[in-house]
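Trainee: Return a 3D structure for these sequence lines:
(one chain, ligands or ions: 1)
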Amino acid sequence: MDALQNKEIVSALKDYITAGKPFMGICVGLQALFSGSEESPSVSGLGILPGKVQRFSSNDKAVPHIGWNNAAFRESEDAQSEIYGLRGSSKYYYVHSYAVPFSAENTRLLDNWHVATGRYGDEEFIGAIAHRKYRQLATQFHPEKSGRAGLRVLKAFLEDLPLEEGISTEAAKVFESAMGGLTRRVIACLDVRTNDAGDLVVTKGDQYDVREKGEGKEVRNLGKPVDLAQRYYEEGADEITFLNITSFRNCPLVDLPMLEVLRRTAERVFVPLTIGGGIRDLVDPDGTKHSALDVTTIYFQSGADKVSIGSDAVLAVEEYIARGKTLDGTTSIETIAAAYGNQAVVVSVDPKRVYVKDPSDTKHHAIKVSRTGPRGEQFAWYQCTIKGGREGRDIDVRQLVTAVEHMGAGEILLNCMDQDGTNEGYDLELIKDVKDAVKIPVIASSGAGKVEHFYEAFVEAGADAALAAGIFHRREGILLSS
Ligand code: 1PR
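Mentor: This next block holds a predicted model:
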């Protein structure tokens, strides 16, 4: 709304929409149609639709609401039809902490609109609204990131196909899940670096060692980043994450190869793209300084939807703890979350187990582990590392995740160096422990070797999403189709 006001186009926009001219709004483009939002109580919305945008309650679920959920029309006659290609049986990609709650009251007030809803925990919210007469559609979800289902919506809007009769849905069958209609996400991860021949390749390590064993010890080359991303998208990945794994070595602002990878991927891949590696304040070789926020902006302009912060988050948390757990507003997490929203900031954690005989042997938060230590130790604390696992710090995972949640991170990408590349399954005890500690979504990572491992991460450990690499690169696993 600030941007619209600064451009002095608020009243022209209102006139345009109320005159019934073609309009499509996405995410905040839907929210702005309403009278206001709890996110910025002092700022008015366009007020074209009655009602307020409210924050999801985090009592029973992770917030932000990130992932694939429904937008199903409520009215019985509409539920049998597609409106702008929206199907009750499809899932769409959402990423937001605020939504317009759906109630009987809204139905009455939104009489001129078809209303499609999603359900998150026990809250029903507006997922999309389409005008009954005009070519006007607004979606809380991101059609441009919702794979084929979303592209169908965009195409239908552009071709002005408001109502396609007669396509029945079996929506009810797919709605059920522990978190309302939200599905669990499967994320394909591409670790990217330059190999010894100078080519940018996808690689994959065993416990972070990406070099072949034996003579020569070359960097493993598993393929080209854009081609692999496209393949995983076509096979059903819900999201793609690129990790620029050697970004700590050099620090030019414009990491041209990764920007080009993102640009080309965004032209072919229509699910969310996360970029990690080197998200921090940078100094160019000529001494020019760039903030982490500038770096992020360049990545977003090239097609990324989220950034993932690793080393810089650990260093920021050390300072946060030294300050007595107070925020200072200058960290990369805080500045990026303030500019782009919490959902744009993922914190990637690279922990290593440090075994102890008894929890009282360490000042750190230790848990009981089923994979015991070399001397039969049954407990471990998880030490955070930086620079791709090369340097351990005096801080444990629980300290890190609670602090970054306070700073405004929207999601945790939880690796485990001990499990990485082993194919032996995720570290379920670690995932459970982190889920207990924070309200934001947790992405399980490291160790997936078969489809059952995803099931364990979701059902036993309660992960909101599961990320994997090797299983997909080796073509052993079957991606769970969204
Ligand atoms: O510290 O902000 O510059 O970010 C660096 C990023 O690069 C971090 O997110 C860190 O996890 C990642 N990274 C650095 N070195 C490596 C390495 O492997 N040598 N990759 C690395 C870590 C973890 C996942 C992996 C999963 C699944 N790789 O990306 O894909 O563990 O693997 P699996 O399914 O095959 O077991 P910064």
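
Trainee: Might you enumerate the residues of the stretch 151-300 of the chain proximal to the ligand?
Mentor: Those residues of the stretch 151-300 of the chain that sit near the ligand, judged by Cβ under 6 Å from any ligand atom, are 189, 191, 204-205, 208, 210, 243, 245, 247-248, 276-279. To be clear about C-beta, it is placed using only N, CA and C from the backbone, and glycine gets the same treatment.

Trainee: now swap in the stretch 351-482 of the chain and tell me
Mentor: 388, 415, 420-421, 445-448, 468-471.

Trainee: is it possible to export those to a markdown table including neighbour count, secondary structure and distance to S308?
Mentor: Formatted as a markdown table, those follow (neighbours: other Cβ atoms under 10 Å; DSSP: H, G, I helix; E, B strand; the rest coil; distance: Cβ to Cβ, whole Å):
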| residue | neighbour count | secondary structure | distance to S308 |
| --- | --- | --- | --- |
| G388 | 22 | coil | 13 |
| N415 | 27 | coil | 11 |
| D420 | 22 | coil | 16 |
| G421 | 18 | coil | 19 |
| S445 | 29 | coil | 11 |
| S446 | 28 | coil | 14 |
| G447 | 23 | coil | 19 |
| A448 | 28 | coil | 18 |
| A468 | 25 | strand | 15 |
| A469 | 24 | coil | 14 |
| G470 | 22 | helix | 19 |
| I471 | 20 | helix | 20 |
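
Trainee: mind checking which helix or strand Y455 is in?
Mentor: Assigned by DSSP states H and E, Y455 belongs to helix 451-455.

Trainee: ok, back up a step: any idea which of the residues of the stretch 351-482 of the chain next to the ligand is closest to G88?
Mentor: Distance to G88 across these (Cβ to Cβ) is lowest for A468, with 29.9 Å.

Trainee: I'd assumed K450 was in contact with the closest one.
Mentor: No. At 10.3 Å, A468 and K450 do not qualify as touching, with contact defined as Cβ atoms under 8 Å.

Trainee: Could you give the number of residues near the residue nearest to M24 when sequence neighbours are not counted?
Mentor: Closest residue to M24 apart from its sequence neighbours, by Cβ to Cβ, 6 or more residues apart in numbering: L137 at 5.0 Å. L137: 28 surrounding residues under other Cβ atoms under 10 Å.

Trainee: which residues of this protein score low on pLDDT?
Mentor: 75-81, 162-179, 250-256, 476-482 (pLDDT under 70).

Trainee: how near is the nearest residue in space to L109 that is not next to it in sequence to R108?
Mentor: Leaving aside its chain neighbours, L109 sits nearest to P50 (4.5 Å; criterion: Cβ to Cβ, 6+ apart). Using Cβ to Cβ, to the nearest Å, one gets 10 Å for the distance from P50 to R108.

Trainee: and the two? which has more neighbours close in?
Mentor: Between P50 and R108, counted using other Cβ under 10 Å, the more crowded position is P50 (14 against 9).

Trainee: quick one: secondary structure of the more buried one?
Mentor: coil (DSSP: H, G, I helix; E, B strand; the rest coil).

Trainee: right, and it touches G36 too?
Mentor: No. Using Cβ under 8 Å, P50 is not in contact with G36; the gap is 10.7 Å.

Trainee: okay, now A71: neighbour count?
Mentor: Neighbours around A71, by other Cβ under 10 Å: 29.

Trainee: Dump stretch 355-370 to CSV, keeping only the CA atoms.
Mentor: Output of stretch 355-370 as CSV, limited to C-alpha atoms (Å, rounded to 0.1, in the frame of the first residue of the first chain):
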residue,chain,number,x,y,z
TYR,A,355,28.6,-37.2,21.9
VAL,A,356,28.4,-37.1,25.6
LYS,A,357,27.9,-39.8,28.3
ASP,A,358,25.4,-37.7,30.1
PRO,A,359,23.6,-34.5,29.4
SER,A,360,25.2,-33.0,32.5
ASP,A,361,28.6,-33.3,30.8
THR,A,362,27.9,-30.3,28.6
LYS,A,363,26.4,-26.8,29.1
HIS,A,364,24.7,-27.4,25.7
HIS,A,365,21.3,-28.8,25.1
ALA,A,366,21.8,-32.6,24.7
ILE,A,367,19.3,-35.2,23.7
LYS,A,368,19.1,-39.0,23.7
VAL,A,369,20.2,-40.4,20.4
SER,A,370,19.6,-43.8,18.9
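
Trainee: Can you pull out the residues in contact with it?
Mentor: With contacts defined as Cβ atoms under 8 Å, 6 or more residues apart in numbering, stretch 355-370 is touched by 353-354, 372-375, 377-381, 383, 396-399, 429-430, 433.

Trainee: buried ones in that stretch?
Mentor: Neighbour counts over stretch 355-370 (16 or more other Cβ atoms under 10 Å) mark 355-356, 362, 364, 366-367, 369 as buried.

Trainee: Check the offset of that stretch from the chain's centre.
Mentor: 31 Å (Cα atoms, centre = their mean, to the nearest Å).

Trainee: what does stretch 424-432 give?
Mentor: 20 Å.

Trainee: okay, how far is it across that stretch, tip to tip?
Mentor: End-to-end distance for stretch 424-432, by Cα to Cα, to the nearest Å: 17 Å.

Trainee: Buried subset of the contacts of stretch 355-370, written for ChimeraX?
Mentor: The buried residues among the contacts of stretch 355-370 can be selected in ChimeraX (16+ other Cβ under 10 Å) with this line:
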select :353,354,377,378,379,380,381,383,396,397,398,399,429,430,433
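
Trainee: picking up where we left off before, could you say what helices and strands the helix holding Y455 packs with?
Mentor: strand 465-468 (3 or more Cβ pairs under 8 Å, 6 or more residues apart in numbering; DSSP states H and E).

Trainee: Quick check, the residue in the stretch 51-200 of the chain closest to the ligand?
Mentor: Residue nearest to the ligand within the stretch 51-200 of the chain (Cβ to the nearest ligand atom): C189, separated by 3.8 Å.

Trainee: Wasn't that residue part of a helix?
Mentor: No. Counting by three-state DSSP, C189 is not found in a helix; it is strand.

Trainee: check contacts around it.
Mentor: 240-243, 445, 467-469.

Trainee: Dump the residues you listed to JSON lines, plus distance to A71.
Mentor: Listed next are the contacts of C189 as JSON lines, based on distance: Cβ to Cβ, whole Å:
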{"residue": "I240", "distance to A71": "23"}
{"residue": "T241", "distance to A71": "25"}
{"residue": "F242", "distance to A71": "28"}
{"residue": "L243", "distance to A71": "31"}
{"residue": "S445", "distance to A71": "29"}
{"residue": "L467", "distance to A71": "25"}
{"residue": "A468", "distance to A71": "28"}
{"residue": "A469", "distance to A71": "31"}
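
Trainee: Any buried residues in stretch 87-106, and which?
Mentor: So for stretch 87-106, counting by 16+ other Cβ under 10 Å, buried means 87-102, 106.
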